[in-house]
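Peer 1: following is a predicted model, sequence given first.
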Number of protein chains: 2
Amino acid sequence: MTQLDLEEHPTSAAPANAAPANAAPANAAPANAVPANRVGRPLDVTRDADILDAALDVLAEVGYDGMTIDMVAARAKAGKATLYRRWPSKTELVIDAVACMKNSDIDPDNLPDTGTLRGDMIAMIKPPTIRDGEKKLRVMAGLISLLARNPELADVAHNAVIAPRARLNRILLQRAIDRGEIRDDLDLALIANISPSMVTYRTMMLRKPVDRDFLVSIIDKVILPAVGLGSEDAGRR
Amino acid sequence: MTQLDLEEHPTSAAPANAAPANAAPANAAPANAVPANRVGRPLDVTRDADILDAALDVLAEVGYDGMTIDMVAARAKAGKATLYRRWPSKTELVIDAVACMKNSDIDPDNLPDTGTLRGDMIAMIKPPTIRDGEKKLRVMAGLISLLARNPELADVAHNAVIAPRARLNRILLQRAIDRGEIRDDLDLALIANISPSMVTYRTMMLRKPVDRDFLVSIIDKVILPAVGLGSEDAGRR
DNA sequence: TATATACGGTACCGGCGAGTTTCGGAACAC
DNA sequence: GTGTTCCGAAACTCGCCGGTACCGTATATA
């Protein structure tokens, strides 16, 4: 119970900027102050997303230390100056790139509602979702050794990758509680992290692929028993 | 040069040697094969363990990319030449250091045997074991981004850190099956990875401490239900 | 048109770190 | 002893990469 709160309101942190435009630091005059009285060619805002996407690709492939600014620029078909006009350093670029990662296909307000916890969880297993998750995990893998020494990056990564997964599971679990399907005294913080934990471990440590069978096994053989739905033969797959 | 060194230093092939803090290498036969026809001062074998330990410390603190040879040499109070006389490159040194990681206090042949699965698992929760596990996880965290591109390192890390954890759990589970405490058609590969997965995730991703309460929660609220021992009130903690 | 800035591309600078060499001294084989 | 190799320490080479400056061109304001 006491540890719940850390994962309960993680949205309170900074990144409210949905637009890929630059963040607060260094740049004296971000989006609103400058362009009013600025002359000359304006920044091409369409380049931002290309650069951030390129940064995430490189990050996922070679990690933070293996990533060079030239790689990102080349992948985005941009000049290095174009990057440094937007972000003051490699670190800031990476922080922005991670912060702007999108859920890509999962909408927290429009989750499957099948009437049963198992149905909801199975319904969330979709190839695009799996692929999106693997990409994010590869990005996280490239950042892990930095998190300990860069609290800002750790915060951003948590809000963009870690927290959303547990949050979705919590919503499904809470619904099941509300409809009386499962008990109401469960350790939701623990149970909501079962699947993220085992998927992450399988990807990063065991280096084995995450497929549908594995995800179904987690649901039927671990999560459902943990919430008291396992003994009935429903989930014998 | 490389061939000679490979035969010379006691690496992964070395048997029970390479204890931390330079245990007596009395049985160290590694210097047997080569020095037959060698003249001059022999390699001081007691330096090897110091260097490997220093490498693991630095690795755990700053990760592979943050680690420099000078850091390791300084921590081991050795000269860089002393390192390069033993390992041809930074990568080889790290591979050897990881391969020589020891379980330090867990002996697979002498596990607790309390008569119940829960008792065995609870008995394995000991502060030294937790600390040892956290150190290994920090080392792993510093290597993750490399594993994808260095299969040899991935292999060594798997054998030294990943596999032993699951193996212990499997032994305990198999015992419980043999004595008829739990069913014999369980997915042991999945269940044996529950605890390693959740501990790893909590350490690396959530960046929260692993304490006794957390480990007990995993056992009582996740693992025991998964093996069919949850509904009885034994583990309600 | 005149001015100012962004664009992709490239050359350049400075620091850092892997790996090598050298040094005075010490430990072993012969 | 004598020669060879090891030791810790420090100086050195060399390539890589973050970051800057500059080019010719493109696109905006006035």
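Peer 2: Nice, I can see it. Numbers count the residues shown, from 1 in each chain, chains lettered A, B, ... in the order given.
Peer 1: how much space between the residue lying farthest from the centre of chain A and residue A:81?
Peer 2: Residue farthest from the centre of chain A, counting by C-alpha atoms, centre = their mean, is residue A:39 at 38.3 Å. Taking C-beta to C-beta, to the nearest Å as the criterion, residue A:39 is separated from residue A:81 by 19 Å. (Each C-beta comes from the backbone N, C-alpha and C, glycine too.)
Peer 1: then residue A:138?
Peer 2: Residue A:138 sits 29 Å away from residue A:81, taking C-beta to C-beta as the criterion.
Peer 1: now swap in residue A:75 and tell me
Peer 2: Taking C-beta to C-beta as the criterion, residue A:75 is separated from residue A:81 by 16 Å.
Peer 1: the two - which one has more neighbours?
Peer 2: Using other C-beta atoms under 10 Å in any protein chain shown as the criterion, residue A:75 and residue A:81 rank with residue A:75 on top: 16 against 9.
Peer 1: for chain A, which segments count as strands?
Peer 2: Under the criterion DSSP state E, strands are not mapped anywhere in chain A.
Peer 1: which parts of it sit against DNA strand C?
Peer 2: Neighbours of DNA strand C within chain A, by C-beta under 7 Å from any atom of the strand: A:38-44, A:47, A:73-74, A:76-82, A:85-86.
Peer 1: per-residue confidence at the spatially most central residue of chain A?
Peer 2: Nearest to the mean C-alpha position of chain A, counting by C-alpha atoms, centre = their mean, stands residue A:161 at 2.2 Å. pLDDT for residue A:161: 95.
Peer 1: who's in contact with the nearest residue to it once chain neighbours are set aside?
Peer 2: Spatially, and ignoring its direct neighbours in sequence, residue A:161 is nearest to residue A:136 (4.9 Å; C-beta to C-beta, 6 or more residues apart in numbering or on different chains). Contact criterion C-beta atoms under 8 Å, 6 or more residues apart in numbering or on different chains gives A:101, A:160-161 as the residues in contact with residue A:136.
Peer 1: so where is chain A shaky, pLDDT-wise?
Peer 2: For chain A, the stretches with pLDDT under 70 are A:1-37, A:231-237.
Peer 1: tell me the spacing between the closest residue to DNA strand C within chain A and chain B.
Peer 2: Of chain A, the residue with the smallest distance to DNA strand C, taken as C-beta to the nearest atom of the strand, is residue A:40 at 2.3 Å. Computed with C-beta to the nearest C-beta, to the nearest Å, the distance linking residue A:40 and chain B is 40 Å.
Peer 1: tell me how many other residues crowd that residue.
Peer 2: With neighbours defined by other C-beta under 10 Å, the count for residue A:40 comes to 4.
Peer 1: count of residues packed around the nearest residue to residue A:172 once chain neighbours are set aside?
Peer 2: In space, not counting the residues next to it along the chain, residue A:172 is nearest to residue A:120; the distance is 4.8 Å by C-beta to C-beta, 6+ apart. As a burial measure, the neighbour count of residue A:120 was computed by other C-beta under 10 Å and equals 21.
Peer 1: got the contact list for residue A:120?
Peer 2: Neighbour list for residue A:120: A:111-114, A:172, A:175-176 [criterion: C-beta under 8 Å, 6+ apart].
Peer 1: and residue A:146, by the same measure?
Peer 2: The neighbourhood of residue A:146, defined by C-beta under 8 Å, 6+ apart, consists of A:64, A:153, B:63.
Peer 1: again, only using 7 Å
Peer 2: By C-beta atoms under 7 Å, 6 or more residues apart in numbering or on different chains, residue A:146 lies in contact with A:64, A:153.
Peer 1: how far away is it from residue A:52?
Peer 2: From residue A:146 across to residue A:52, the span is 18 Å (C-beta to C-beta).
Peer 1: mind listing the helices for chain A?
Peer 2: According to DSSP state H, chain A carries its helices in the segments A:4-8, A:46-66, A:69-75, A:80-84, A:90-99, A:117-123, A:127-147, A:151-157, A:163-178, A:188-191, A:194-204, A:212-218, A:224-226.
Peer 1: isn't residue A:147 right next to residue A:153, touching?
Peer 2: Yes. Between residue A:147 and residue A:153 there is a contact under C-beta atoms under 7 Å: 6.3 Å.
Peer 1: would you mind measuring from residue A:227 to residue B:207?
Peer 2: Counting by C-beta to C-beta, the gap between residue A:227 and residue B:207 amounts to 26 Å.
Peer 1: ok, those two, which is more surrounded?
Peer 2: Regarding residue A:227 and residue B:207, a neighbour count based on other C-beta under 10 Å identifies residue A:227 as having more, with 21 against 16.
Peer 1: contact partners for the spatially closest residue to that one that is not a sequence neighbour?
Peer 2: Distances taken as C-beta to C-beta, 6+ apart place residue A:182 nearest to residue A:227, at 4.5 Å, with adjacent residues excluded. The neighbours of residue A:182, taking C-beta under 7 Å, 6+ apart as the test, are A:117, A:176, A:227-229.
Peer 1: try it again with 10 Å
Peer 2: With contacts defined as C-beta atoms under 10 Å, 6 or more residues apart in numbering or on different chains, the neighbours of residue A:182 are A:117, A:173-176, A:191, A:224, A:226-229.
Peer 1: nearest to chain B among the residues you listed?
Peer 2: In terms of C-beta to the nearest C-beta, no member of those lies closer to chain B than residue A:226, at 4.9 Å.
Peer 1: is it true that that closest one touches residue B:219?
Peer 2: No. Distance between residue A:226 and residue B:219: 11.6 Å, which falls outside the contact criterion (C-beta atoms under 10 Å).
Peer 1: shared neighbours of the two, anything?
Peer 2: In the contact map built from C-beta under 10 Å, 6+ apart, the residues linked to both residue A:226 and residue B:219 are residue B:194.
Peer 1: surely residue A:133 touches residue A:209?
Peer 2: No. Under the criterion of C-beta under 10 Å, residue A:133 makes no contact with residue A:209, lying 11.9 Å away.
Peer 1: which one's more surrounded, the two?
Peer 2: Set residue A:133 next to residue A:209 and count neighbours by other C-beta under 10 Å: residue A:133 wins out with 20 against 10.
Peer 1: skipping adjacent residues, who's closest to the more buried one in space?
Peer 2: Computed as C-beta to C-beta, 6+ apart, the closest residue to residue A:133 that is not its neighbour in sequence is residue A:199, at 6.8 Å.
Peer 1: these two touch, right, the one you found and residue A:134?
Peer 2: Yes. Contact status for residue A:199 versus residue A:134: in contact at 8.8 Å, counting by C-beta under 10 Å.
Peer 1: which of the two has more residues huddled nearby?
Peer 2: residue A:199 (21 against 15).
Peer 1: neighbours around residue A:206, how many?
Peer 2: A count of nearby residues for residue A:206, using other C-beta under 10 Å, gives 18.
Peer 1: distance of it from residue B:197?
Peer 2: Taken as C-beta to C-beta, the spacing of residue A:206 relative to residue B:197 amounts to 9 Å.
Peer 1: quickly list what's touching both of these two.
Peer 2: Residues touching both residue A:206 and residue B:197 comprise A:198, B:166, with contact defined as C-beta under 10 Å, 6+ apart.
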